[in-house]
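Visitor: I'll drop the sequence and a predicted model, then ask my questions.
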Amino acid sequence: MSTQRFQIDQVNFNQSRSKLLYITESKFDHEWNSMLHTHLYTEMFYVTKGNGLLCLDNKAYPVKEDDLVIVNPLVSHTERGIENVNFEYIVMGIEGITYFSKEQDEEQGCSIANYYDYKHEVLFYLKTILLEVKTKDMEYQSLCQNLLEVLLINLMRRAHISLKTTPVNKANKDCVFIEKYIDAHFKEDVTLDKLSEVTFLNKYHIVHVFKQYKGISPINYMIQKRIEEAKLLLSTTNLQISEIAIIVGFTSQSYFAQAFKKATCISPLQYRKDHSKQ
């Protein structure tokens, strides 16, 4: 009789483990209006059917069935479908990891790779996690966490991608809170004094850290949100432009027209003529 014993190196799991925050199934609906947004955590998408677009800032990247997309924390992004084209995907929010590899990937903050050759393996883990989250059977959280870790290891092995742990600092948490607050209240009179009041932070500090986080000031971000909402109303309703100005939070039609033209290089009326869906 012969025996071979293989020692397993010890790992500090508390430091090395990523954390699964959520998992969802999404299907493109042409009625759905997606907007650029950011997270403190990494998002991982797997396209299960059809094709669509991943938008990062002002760039759009085509994605197709069996593409795996990893979007790093704090990267502005959204997903968009193509009219009359199926677009379905599973997305997970994962805290504690970031993707890094080629220099250009690091600059754009995301990775897109096709996993057709390993689709059954990837889909097994994703669909099992989905089932566990839906049924919430005993110890489902632990099972989902373990499945995530096995999936991540296999992804790194199959495509030789690199993932590293990443801490979340307080300044970024404050900025995400400010971003979410503006997202929810941009139609109201949101001022730096108001943001200072709700965050208990100095307003000059808010401007500094938010500009580092988003590339624009909180007030300009709010105006950007108002303009995006105005575009939707101009293209899908018959509301008067003066009414739209008030709805999205501008104090006057002239201020609205000025801000809109600065952002889009055309007037609200011209935008309506070019994009009306009525």
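Guide: Cool, the structure landed.
Visitor: any idea which helix or strand carries residue 149?
Guide: Using DSSP states H and E, residue 149 falls within helix 140-159.
Visitor: Please write out the alpha-carbon positions of that helix in PDB.
Guide: The C-alpha trace of helix 140-159 is given here as PDB (Å, rounded to 0.1, in the frame of the first residue of the first chain):
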ATOM      1  CA  TYR A 140     -28.700  29.700   0.500                       C
ATOM      2  CA  GLN A 141     -26.500  32.700   1.200                       C
ATOM      3  CA  SER A 142     -23.500  30.500   2.000                       C
ATOM      4  CA  LEU A 143     -24.100  28.400  -1.100                       C
ATOM      5  CA  CYS A 144     -24.400  31.400  -3.300                       C
ATOM      6  CA  GLN A 145     -21.200  32.800  -1.900                       C
ATOM      7  CA  ASN A 146     -19.300  29.500  -2.500                       C
ATOM      8  CA  LEU A 147     -20.700  29.200  -6.000                       C
ATOM      9  CA  LEU A 148     -19.600  32.700  -6.800                       C
ATOM     10  CA  GLU A 149     -16.100  32.000  -5.700                       C
ATOM     11  CA  VAL A 150     -15.900  28.800  -7.800                       C
ATOM     12  CA  LEU A 151     -17.200  30.700 -10.800                       C
ATOM     13  CA  LEU A 152     -14.700  33.500 -10.400                       C
ATOM     14  CA  ILE A 153     -11.800  31.000 -10.200                       C
ATOM     15  CA  ASN A 154     -13.000  29.200 -13.300                       C
ATOM     16  CA  LEU A 155     -13.400  32.500 -15.200                       C
ATOM     17  CA  MET A 156      -9.800  33.400 -14.300                       C
ATOM     18  CA  ARG A 157      -8.600  30.000 -15.400                       C
ATOM     19  CA  ARG A 158     -10.500  29.800 -18.700                       C
ATOM     20  CA  ALA A 159      -9.700  33.300 -20.000                       C
END
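Visitor: helices and strands around that helix, which ones?
Guide: Secondary-structure packing of helix 140-159 (3 or more C-beta pairs under 8 Å, 6 or more residues apart in numbering; DSSP states H and E): strand 19-27, helix 119-135, strand 162-165. (Glycine included, C-beta is placed from N, CA and C.)
Visitor: and the angle from the second one to strand 19-27?
Guide: With axes from the mean of the first three to the mean of the last three C-alpha atoms, to 10 degrees as the basis, helix 119-135 and strand 19-27 are set at 100 degrees to each other.
Visitor: Report all helices and strands that helix 119-135 contacts.
Guide: With contacts taken as 3+ C-beta pairs under 8 Å, 6+ apart, helix 119-135 sits against strand 19-27, strand 42-56, strand 87-95, helix 140-159.
Visitor: Looking at the ones you listed, which is nearest to residue 112?
Guide: Closest to residue 112 of the helices and strands packed on helix 119-135 is strand 42-56 (C-beta to C-beta; 7.0 Å).
Visitor: how many degrees apart are the closest one and helix 140-159 in direction?
Guide: Taking the same axes, to 10 degrees, one finds strand 42-56 and helix 140-159 inclined to each other by 60 degrees.
Visitor: ok, and for the helix or strand just after strand 42-56, which residues are buried?
Guide: Using DSSP H and E, the next helix or strand after strand 42-56 towards the C-terminus is strand 59-64. Of all the residues in strand 59-64, those buried under the rule 16 or more other C-beta atoms under 10 Å are residue 63.
Visitor: Please name every helix or strand in contact with strand 59-64.
Guide: Where contact means 3+ C-beta pairs under 8 Å, 6+ apart, strand 59-64 is packed against strand 42-56, strand 110-114.
Visitor: So for that strand, mean pLDDT?
Guide: The average pLDDT within strand 59-64 is 90.
Visitor: Since that was my last question, I'll sign off now.
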